[in-house]
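Student: Show me how the following folds:
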Amino acid sequence: MSEDVHLSQICMDFGSFRAVNNVEVTIKPGEFFSFLGPSGCGKTTILRLISGFMEPTQGAVKIGGKDMKGIRPNARPTALIFQNLALFPLMPVWENITFGLEVRGVSKEIRRAKAEELLQLVDLHDSADKRVSQLSGGQKQRVAIARALAVEPKVMLLDEPLSALDLKLRQHMRAELRAIQKRTGVTFIYITHDQGEALAMSDRVGVMSQGVLQQVATPQEIYNNPVNGFVASFVGENNVIAGKVTSVSGGMAQFETAKGSFQAKLGAAVGMGDEAKLFVRPEFCSLRPANEAKVNSIPVEVTEIAFEGNFVNVFVRDQAGDTHMVQVQNDPSVPPPAPHTACQMVFNPESCMILSEAATSRHGH
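Tutor: This next block holds a predicted model:
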């Protein structure tokens with residue numbers, strides 16, 4: 001049903017601009033894999049290289065072990081879903097879904113039966129004869145997915161398909177997409193700049209910056225053990241403190257900064273004497289009374305409280321005037337300290353990391 005996709009040392013140049021730089025990754029058969037990164041990082045270019053709308057400047061795209069060089073998009077075992085869906089408004093839903101089969105000369109009866117089967121799969125069993133204009137955004141999304149599945153691709157390529165939907169529906173469709181992918185077993189390659197989307201749906205995520213694949217790992221690994229400052233900053237919130245590594249012992253290090261001395265986990269590619277940055281997530285910080293100085297504590301004053309529903313973001317300012325964020329669970333019986341309260345921002349050595357800022361340009365898997 002599905003195939004693996006191997007990108008071997010892929011580069012893509014547009015004139016003197018290198019959009020994709022030496023990307024090496026193997027996406028497993030039946031995997032839900034996301035490329036995550038900011039606009040212009042090269043992730044959509046990668047999708048176009050896999051689908052055959054572009055040929056790489058160097059390197060090879062292999063699907064199921066077969067080099068795709070010179071194979072046109074319609075001859076590849078891939079289906080592509082764009083942001084704008086491109087459904088045909090004047091055709092009923094079932095004809096939209098089987099349009100690719102009609103082009104291939106499949107009879108109407110077989111097409112109709114296939115459409116009904118796919119509509120079951122995407123939870124739209126009573127919509128076969130509706131017009132596209134009668135559907136909601138989420139339903140159109142599902143029709144686009146059913147249409148892509150109709151041609152029985154081995155690899156499904158999705159370019160930010162949920163970005164036009166509102167937040168509630170986006171979250172619902174994440175779960176839907178994940179479920180459809182699991183039911184069909186097709187390899188999904190998903191492009192997004194939305195970290196929540198990538199973390200919620202993917203088996204593995206590849207984080208990209210400036211054409212370079214920075215890290216490929218499970219969502220938990222990307223979030224908890226980022227390889228560098230770029231990945232740490234792009235995925236989730238972080239408090240960041242610049243400083244220097246002054247001693248190292250068994251994976252932990254002493255880190256001297258203008259705000260004091262801290263103990264932290266030593267990240268990849270950082271060593272003794274290096275200038276680097278300490279990253280600690282707001283949910284791993286807590287606030288203690290001002291006189292309770294502990295290891296890894298910074299004297300701060302509360303400046304603002306932002307209520308987010310299930311949690312509360314407490315913004316604090318340190319003596320140098322820098323702002324940090326502490327995230328606490330919303331618990332009315334233990335309210336966060338009020339603005340202007342002096343306290344200590346505290347975090348465990350195990351929950352912070354020292355990382356080099358540089359996005360490393362070689363990080364293959």
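Student: Below-threshold pLDDT in the stretch 1-150 of the chain: ranges please.
Tutor: Applying pLDDT under 70 to the stretch 1-150 of the chain flags the ranges 83.
Student: redo that, cut-off 80
Tutor: For the stretch 1-150 of the chain, the stretches with pLDDT under 80 are 1, 82-86.
Student: hey, where'd the helices end up in it?
Tutor: For the stretch 1-150 of the chain, helices defined by DSSP state H, counting those that start in this stretch occupy the ranges 43-51, 93-97, 99-103, 108-121, 137-150.
Student: Could you point out which of the ones you listed sits nearest Gly250?
Tutor: The minimum distance between Gly250 and the helices of the stretch 1-150 of the chain falls on helix 43-51, with 37.1 Å, by CB to CB. The way it works is simple: take the backbone N, C-alpha and C, and place the C-beta from them, glycine included.
Student: chain center to the closest one, what's the gap?
Tutor: Relative to its parent chain, helix 43-51 has a centroid offset of 16 Å by CA atoms, centre = their mean, to the nearest Å.
Student: try stretch 112-130
Tutor: 30 Å.
Student: so how far is the first residue of it from its last?
Tutor: Stretch 112-130 has an end-to-end distance of 14 Å (criterion: CA to CA, to the nearest Å).
Student: what does stretch 291-300 give?
Tutor: 11 Å.
Student: what comes up buried for that stretch?
Tutor: Buried residues in stretch 291-300, defined by neighbour count with 16 or more other CB atoms under 10 Å: 296-298, 300.
Student: So what's the model's average confidence on that stretch?
Tutor: Confidence for stretch 291-300, expressed as mean pLDDT, is 86.
Student: Narrow the buried residues of stretch 291-300 to those in strands?
Tutor: Per DSSP state E, strands hold the following members of these: 297-298, 300.
Student: Give me the residue ranges of the stretch 201-350 of the chain where confidence is low.
Tutor: Ranges of the stretch 201-350 of the chain meeting pLDDT under 80: 292-294.
Student: Same list (the ones in strands among the buried residues of stretch 291-300) but as JSON lines, adding distance to Pro332.
Tutor: Formatted as JSON lines, those follow (distance: CB to CB, whole Å):
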{"residue": "Ser297", "distance to Pro332": "26"}
{"residue": "Ile298", "distance to Pro332": "27"}
{"residue": "Val300", "distance to Pro332": "23"}
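Student: before we move on, the earlier item: closest to Gly260 out of the helices of the stretch 1-150 of the chain?
Tutor: helix 43-51 (39.0 Å).
Student: how close does His125 get to Glu95?
Tutor: Per CB to CB, to the nearest Å, His125 is found 16 Å from Glu95.
Student: which of those two has more neighbours?
Tutor: Counted by other CB atoms under 10 Å, His125 and Glu95 do not tie: Glu95 has more neighbours, with 18 against 12.
Student: how far away is Val231 from Ala217?
Tutor: 9 Å.
Student: Looking at those two, which is more packed in?
Tutor: Per other CB under 10 Å, whichever of Val231 and Ala217 has more neighbours is Val231, with 28 against 18.
Student: What are the buried residues along stretch 329-342?
Tutor: Neighbour-count burial for stretch 329-342 flags 336-337, 341 (criterion: 16+ other CB under 10 Å).
Student: Let's verify Gln171: helix, strand, or coil?
Tutor: What DSSP: H, G, I helix; E, B strand; the rest coil gives for Gln171 is helix.
Student: ok, now how distant is Met68 from Leu157?
Tutor: Where Leu157 is concerned, Met68 sits at a distance of 13 Å (CB to CB).
Student: anything in contact with each of those two?
Tutor: Ile50 (CB atoms under 8 Å, 6 or more residues apart in numbering).
Student: just checking, Phe255 touches Ile354?
Tutor: Yes - look at Phe255 against Ile354 with CB atoms under 8 Å: they come within range, at 5.6 Å.
Student: what touches both of the two?
Tutor: Counting by CB under 8 Å, 6+ apart, the shared contacts of Phe255 and Ile354 are 245, 264, 276, 278.
Student: Closest one of the residues you listed to Val312?
Tutor: Within the shared contacts of Phe255 and Ile354, the smallest distance to Val312 is 23.6 Å, found for Leu278 (CB to CB).
Student: next SSE after the host helix or strand of the closest one?
Tutor: Per DSSP states H and E, Leu278 falls inside strand 275-280. As assigned by DSSP H and E, the chain's next helix or strand after strand 275-280 is strand 285-289.
Student: Now do stretch 126-135: everything it contacts.
Tutor: Contacts for stretch 126-135 (CB under 8 Å, 6+ apart): 87-94, 96, 112, 115-116, 119, 139-140, 143.
Student: Go through the residues you listed and single out the one with the most neighbours.
Tutor: Within the contacts of stretch 126-135, most neighbours by other CB under 10 Å means Val93, with 26 neighbours.
Student: Report the separation between that one and Ser107.
Tutor: For Val93, the distance to Ser107 - CB to CB - is 19 Å.
Student: and what of Pro282?
Tutor: Going from Pro282 to Ser107 by CB to CB gives 59 Å.
Student: These two: which has the busier surroundings?
Tutor: Here Pro282 and Ser107 are compared on neighbour count by other CB under 10 Å; more neighbours surround Pro282, at 20 against 10.
Student: how much space between the residue nearest to that one when sequence neighbours are not counted and Cys285?
Tutor: Nearest in space to Pro282, with sequence neighbours left out and distances taken as CB to CB, 6 or more residues apart in numbering, is Gln327 at 3.9 Å. Here Gln327 is placed at a distance of 7 Å from Cys285 (CB to CB).
Student: Having no further points to raise, I will conclude here.
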